[in-house]
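Peer 1: could you work out the structure for the sequence below:
(one chain, ligands or ions: 1)
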Amino acid sequence: MDFRLPQQVPMSEMTDRHTALLSETPVDALSREQAAVELLQLSRVLAYHDHCYYHLAAPEITDGMYDALYQRNRAIERRFPDLRRIDSPTHRVGAAPAPEFEKVKHRKPMLSLDNAFSEDDVQDFMSRIKRFLKLSEQEKIACIVEPKIDGLSATLHYQNGQFVLGATRGDGQEGENISANLRTLREVPLVLQGDAVPESLEIRGEVYMTKADFEVLNQKRIELGEPPFANPRNAAAGSLRLLDPSITAQRPLRFFAYGYESLSNRPDQTQESILISLKRWGFRVSPLIALCNDVDTMIYHYNVIQSERAGLPYEIDGVVYKVNDLSLQARLGTVGRAPRHSIAHKFVAEQAETVVDLIDVQVGRTGVLTPVAHLRPVLVGGVMVSRASLHNDDEIRRKDIRVGDTVIIQRAGDVIPQVVDVVVSKRPIDSVSFVFPTTCPVCTSVVVQTPGIVARRCSGGFSCMAQAVERMRHFVSRDAFDIEGLGERHLQSFFNWGIARTPLDLFLIEERNHQVIPPLEAREGWGVKAARNVFDAINKRHHITLDRFIYALGIPQVGHVTARVLAQHFKTIDAVMTAPLDRLCALEGVGVIMANELIQFFASSDNRILINGLVEQIEIEPLETLAFEDSLFAGKTVVFTGTLEKLSRAEAKAQAERLGAHVASTVSRKTDYVVVGTDAGKKLKQAQELALTILTEEQWIDMVSL
Ligand code: IVH
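Peer 2: Numbering: from 1, shown residues only. Next up is the predicted model:
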């Protein structure tokens, strides 16, 4: 295969013409040559917009415009499959499963790092380097300090700026070709940006999963009865080495670049400038980098990074010190499999011992039962921990965790702490193994377990308060119906009083209120005004777009991205409800497991009754794709601040996005409009200082309705 790129399209030109790119020629009427040219342009333009969206967080076109370009690219590829380019973004959804990974020899070895565990070790590292270079102890050698990301290393080969191959580290000499999987990662650019890109380049970096994405993935796995991953690193490893790239494409994997090997020219002289180049080419680089001139400053930054550790969205297990000057690095060379110029300074594991006071079983929105250990509060790595998820029955049995046990818990930077081990020697003599309940702890319905699936579920459906309240909570949440003022406490009361037990009931509360004894306004904690506010908040939401409606139903596995894909494809709720398995599976981001969840969800009579009832109460609008070329806000950045009286934040955001604007959360010089509600504080002040255009809510509403 020929990997050489035809002439690169300059970025400036691309930006000017990106909106005009959608050719008018129907795909069926394209000649082969026209198709090849258009596919080249589309891959360039889509790569550029991926870069703007994922790396610069400054999209230049709306999702709708991006989708249109993407769909056009796909339609042309479907007509001319042999013209599909290696850098086409359609590879991001995953190629066909491979029987096994082929081996790849690294052109430059992928080394590992020696470890330092104490300040003395770091001091020794520096002294060794100075001795090796024949420098005196007083001489300064600048080092870069970088966080050590806890993921898996990968190497990405680029030829003339184009991604051609990606591999695991393997034994350092030879890894496995996981190109199809790596291509699905948004943070792996398929085409590099900028002009000073070496012709033949290997990018080295770490594939990882954020803590939040790991939690969501694990929750889904538990609900499906699949064993949860122990930590984000294992989740990333498991996802990266899947033989079916279409499954990898659904896993939220990310990539931080920390170095490169060039087989042609090397534009950089220092590690610091390597990081700058990586960023310019379109990679994500850790922002927690420091350049230090002595060991004391290096240790200072180690401590700074350690103190930030718990709050970082991803896991790190230490820092890496690297001699900054690449000519010194070359002189230092390697010892065994590790370079002399770098060392990893590991954090001490954050573990603590405490006692399990109680094991409680919680019921989630879809009825899945999750056991949770209530712990005697203990400090772990600066955070007070009093609960730990025990995931499921299998996990408790495997570790034989009992009430009264002394356990070792760990917060490996994790948001949710884990029970690592039981200190059996400290077990009370009268302790008994935990028995998983056979009836729901909330509603006493029978607990069911599908054969072959680990998760146990309550069979109570809407009659189970936990499930019903969680379903309603999800239904009113911000990305769903966005009904204000209905928190968990109110919804629990509504359930107990028989006022609302399903999302449909919420739309009937006002109509039925006079039949309820006593009516809502006469109940404890309520009054005429409070009841009126809730009725009004619900009444404002009789119109909803199809994607939000689908999301609001709380179908297992279906988040707002999938809901949008379904809404865009099927256009009506009826069509979604009757879609056969093969049509669902053909959609981007929908795998067999999710398709089956959808089919099962719509097969349930409770759910069908709910949807049919809702359809009578509300108006479901198809997804709009507005032409916004003429809009005042196209391409502009808008910040909302303060309390808006007429609009919910979600609606204001949707309005802005429909008009082609980008909504940001912080005010900067790049902000075009700041819309202020009441009680606007710091952001309003910043906007005034920067002399930005400030709009009141009224003015915003007037302008968007022009
Ligand atoms: S430099 C010579 N920098 O830690 C090896 N590694 O054994 C070059 N890692 O497998 C590695 N964050 O995948 C380097 N900022 C960072 C890193 C990092 C994580 C991983 C790397 C390697 C392991 C070290």
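
Peer 1: where does the stretch 201-350 of the chain come near the ligand, residue by residue?
Peer 2: 206, 258, 259, 320, 339, 342, 344 (CB under 6 Å from any ligand atom). C-betas here are computed from N, CA, C, even on glycine.

Peer 1: and if you look at the chain?
Peer 2: So the chain meets the ligand at 111-113, 146, 148-149, 153, 169, 206, 258-259, 320, 339, 342, 344 (CB under 6 Å from any ligand atom).

Peer 1: try it again at 8 Å.
Peer 2: Residues of the chain found near the ligand (CB under 8 Å from any ligand atom) are 110-113, 146-153, 169, 204-206, 256, 258-259, 286, 316, 319-320, 322, 338-339, 342, 344.

Peer 1: from these, which would you call buried?
Peer 2: In those, burial by neighbour count holds for 110-111, 113, 146-153, 169, 204-206, 256, 258-259, 286, 316, 319-320, 322, 338-339, 342, 344, counting by 16 or more other CB atoms under 10 Å.

Peer 1: among these, name the ones in strands.
Peer 2: If you go by DSSP state E, these have 146-149, 152-153, 204-206, 256, 258-259, 316, 319-320, 322, 338-339, 342, 344 in strands.

Peer 1: could you list the low-confidence segments of the stretch 151-300 of the chain?
Peer 2: For the stretch 151-300 of the chain, no stretch is flagged by pLDDT under 70.

Peer 1: could you pull out the helices for it?
Peer 2: Using DSSP state H, counting those that start in this stretch, the helices of the stretch 151-300 of the chain run over 179-182, 211-223, 232-240, 245-248, 271-281, 295-308.

Peer 1: give me the buried positions along the longest one.
Peer 2: This means helix 295-308. Residues of helix 295-308 classed as buried by neighbour count (16+ other CB under 10 Å): 295, 298, 299, 301, 302, 305, 306.

Peer 1: returning to that earlier point: any idea which of the helices of the stretch 151-300 of the chain is most buried?
Peer 2: helix 179-182 (a mean of 26; mean count of other CB atoms under 10 Å).

Peer 1: so what does that one touch, helix or strand wise?
Peer 2: strand 162-168, helix 245-248 (3 or more CB pairs under 8 Å, 6 or more residues apart in numbering; DSSP states H and E).

Peer 1: can you list these in JSON lines and add distance to residue 676?
Peer 2: Converted to JSON lines, those look like this (distance: least, CB to CB, whole Å):
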{"stretch": "strand 162-168", "distance to residue 676": "44"}
{"stretch": "helix 245-248", "distance to residue 676": "44"}
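
Peer 1: residue of the protein nearest the ligand, please.
Peer 2: residue 153 (2.9 Å; CB to the nearest ligand atom).

Peer 1: what sits against that residue?
Peer 2: Residue 153 is in contact with 110, 168, 169, 204, 205, 206, 207, counting by CB atoms under 8 Å, 6 or more residues apart in numbering.

Peer 1: just residue 36 next, same as before
Peer 2: 80, 83.

Peer 1: pretty sure residue 319 contacts residue 302?
Peer 2: Yes - using CB atoms under 8 Å, residue 319 is in contact with residue 302, at 5.1 Å.

Peer 1: between these two, what contacts are shared?
Peer 2: Common neighbours of residue 319 and residue 302, using CB under 8 Å, 6+ apart, are 145, 345.

Peer 1: tell me the confidence at residue 377?
Peer 2: On the pLDDT scale, residue 377 is placed at 92.

Peer 1: check residue 648 too.
Peer 2: pLDDT, residue 648: 78.

Peer 1: so which strand or helix has the residue lying closest to it once chain neighbours are set aside?
Peer 2: The shortest distance from residue 648 to any non-neighbouring residue, by CB to CB, 6 or more residues apart in numbering, is to residue 482 (5.1 Å). Secondary structure from DSSP states H and E places residue 482 outside every helix and strand.

Peer 1: what sits against residue 482?
Peer 2: Applying CB under 8 Å, 6+ apart, we find residue 482 in contact with 476, 541, 548, 648, 650, 651.

Peer 1: turn those into TSV, columns for secondary structure.
Peer 2: Listed next are those as TSV, based on DSSP: H, G, I helix; E, B strand; the rest coil:
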residue	secondary structure
476	helix
541	coil
548	helix
648	coil
650	helix
651	helix
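
Peer 1: PyMOL command for the buried members of those?
Peer 2: A single PyMOL command selects the buried members of those (16+ other CB under 10 Å):
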select buried, resi 476+541+548+648
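
Peer 1: could the contacts of residue 482 go into CSV alongside distance to residue 329?
Peer 2: Below are the contacts of residue 482 laid out as CSV (distance: CB to CB, whole Å):
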residue, distance to residue 329
476, 57
541, 60
548, 53
648, 54
650, 50
651, 54
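
Peer 1: got any ranges where this protein has weak pLDDT?
Peer 2: Scanning the chain for pLDDT under 70 picks out 1-22, 54-57, 93-99, 349, 381-382, 412-416, 452, 624-631, 706.

Peer 1: could you check how far the residue positioned nearest the centre of it is from residue 219?
Peer 2: The residue lying closest to the centre of the chain (CA atoms, centre = their mean) is residue 213, at 5.0 Å. Per CB to CB, to the nearest Å, residue 213 is found 11 Å from residue 219.

Peer 1: list the buried residues in the one helix or strand residue 43 maps to.
Peer 2: Following DSSP H and E, one finds residue 43 within helix 32-50. Using 16+ other CB under 10 Å as the test for burial, helix 32-50 gives 35-36, 38-50.

Peer 1: what sits against residue 530?
Peer 2: Residue 530 sits in contact with residue 521, where contact means CB under 8 Å, 6+ apart.

Peer 1: my guess is it is in a strand, correct?
Peer 2: No - the assignment for residue 530, made by three-state DSSP, is helix rather than a strand.

Peer 1: and the closest residue to residue 695 other than its chain neighbours, how many residues sit next to it?
Peer 2: Closest residue to residue 695 apart from its sequence neighbours, by CB to CB, 6+ apart: residue 675 at 4.9 Å. Residue 675: 26 surrounding residues under other CB atoms under 10 Å.

Peer 1: check residue 175 too.
Peer 2: When neighbours are counted by other CB under 10 Å, residue 175 comes out with 21.

Peer 1: try residue 471
Peer 2: Using other CB under 10 Å, the number of residues around residue 471 comes to 23.

Peer 1: now name the helix or strand holding it.
Peer 2: Secondary-structure assignment from DSSP H and E places residue 471 in helix 465-476.

Peer 1: and if you look at residue 569?
Peer 2: Element membership of residue 569 [criterion: DSSP H and E] is helix 560-570.
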